[in-house]
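Colleague: only geometry, no sequence info:
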DNA sequence: CAATAACCGAGTAATATAGTTGGTTATTGA
DNA sequence: TCAATAACCAACTATATTACTCGGTTATTG
């Protein structure tokens, strides 16, 4: 398991989505503007998360993305895994034929650590992450500005 | 905090170093051969870890690297941080002037998660990681092959 | 039918990763 | 003293990943 800026972008975007849902689907355009992430990059990230079943999109005016599960049933690990595909870079790359035992250092140990890290991130839900830094307050403030109901998207 | 393959290389190398110390300093050449990591890349990684005070090197024949602290007093976080420099990619990049509160999603939340991750990795020592997958056995096997005392480095 | 917004794919620039090359300096033992 | 070892160092290179741009299509709405 890796944890790169790509995963960070995805988690950030998902939090923005979480904060602004309940007003119907959230557009990538608004997330792009709020978070300063390019629209196309968001599209790529969201395509992966959609394929992983985390979200679903609806087209046309009033469309956008919604979470498929409750914020407390989507973990950070879900998001990171969806977006940051594993890309096996072990020496022996899947094959268990590391000859002399020594080559296996990378194979065995890192995957062990990786599992632990996964478990850790799987234990943090989107909901928990949202709540734990007084962001709900900010949410209230930004609501009326943030989710204009189709009228003033200019 | 990021967690990339670079950190993985560093941790793997440090475990190799841990397993083979006690016979004196361990050369990068031997780590390179054991783990299949290029010598020069190891040099770059070890330069950073040396600057972080995790290890120290001695030159000349019989030289190599040793850990500066006990394996149980060096954490995975120490290694990752030494090697995978932070590289602030928050929107507001350090400046706290994110104007409207919304921009701060990336700023506040990820650093919070990052802190938690750091705490997690700081709680795992090199020693623990070494011990927890039956690697001490492998160590015994590889010892006589692995750390020839200066004679047969061919 | 025009506007919206997801969806899609091919490209591109910038950066990070991993390695190469070609050194120097310090230490050792013959 | 000298040759071998091995850390230390800097510049350069190839590849991969990141993040973005561009130019579309499809579905939905009013």
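Modeller: Arrived safely. Given the structure is predicted, the values throughout are model-derived calculations rather than measurements.
Colleague: residues in contact with residue A:54?
Modeller: Contacts for residue A:54 (CB atoms under 8 Å, 6 or more residues apart in numbering or on different chains) come out as A:14, A:67-69, A:74, A:78-79, A:82. (Glycine included, C-beta is placed from N, CA and C.)
Colleague: Check the gap between residue A:124 and DNA strand D for me.
Modeller: 20 Å (CB to the nearest atom of the strand, to the nearest Å).
Colleague: Around whichever residue of chain A sits closest to DNA strand C, count how many other residues there are.
Modeller: Using CB to the nearest atom of the strand, the single residue of chain A nearest to DNA strand C is residue A:57, 2.7 Å away. Residue A:57 has 17 neighbouring residues, counting by other CB atoms under 10 Å in any protein chain shown.
Colleague: give the contact list for it.
Modeller: With contacts defined as CB under 8 Å, 6+ apart, the neighbours of residue A:57 are A:25, A:46, A:50, A:63-65.
Colleague: Now do the same for it: helix, strand or coil?
Modeller: strand (DSSP: H, G, I helix; E, B strand; the rest coil).
Colleague: Please name the bridge partners of it.
Modeller: On the basis of DSSP bridges, residue A:57 is bridged to residue A:65.
Colleague: Quick one, grab the pLDDT at it.
Modeller: Listed pLDDT for residue A:57 reads 97.
Colleague: Any figure for the gap between it and chain B?
Modeller: 21 Å (CB to the nearest CB, to the nearest Å).
Colleague: got it, and residue A:36?
Modeller: 5 Å.
Colleague: tally of neighbours for that residue?
Modeller: 15.
Colleague: how far away is it from residue A:110?
Modeller: Residue A:36 is 33 Å from residue A:110, where distance means CB to CB, to the nearest Å.
Colleague: Same question for residue A:15.
Modeller: Distance of residue A:15 to residue A:110, computed by CB to CB: 29 Å.
Colleague: next one: residue A:131
Modeller: For residue A:131 relative to residue A:110 (CB to CB), the value is 32 Å.
Colleague: likewise residue A:126?
Modeller: For residue A:126, the distance to residue A:110 equals 27 Å [CB to CB].
Colleague: Please apply the same query to residue A:69.
Modeller: In terms of CB to CB, residue A:69 sits 30 Å off from residue A:110.
Colleague: For the closest residue to chain B within chain A, list each beta-bridge partner.
Modeller: Residue nearest to chain B within chain A: residue A:3 (4.0 Å; CB to the nearest CB). Note on residue A:3: beta-bridge partners residue B:3, judged by DSSP bridges.
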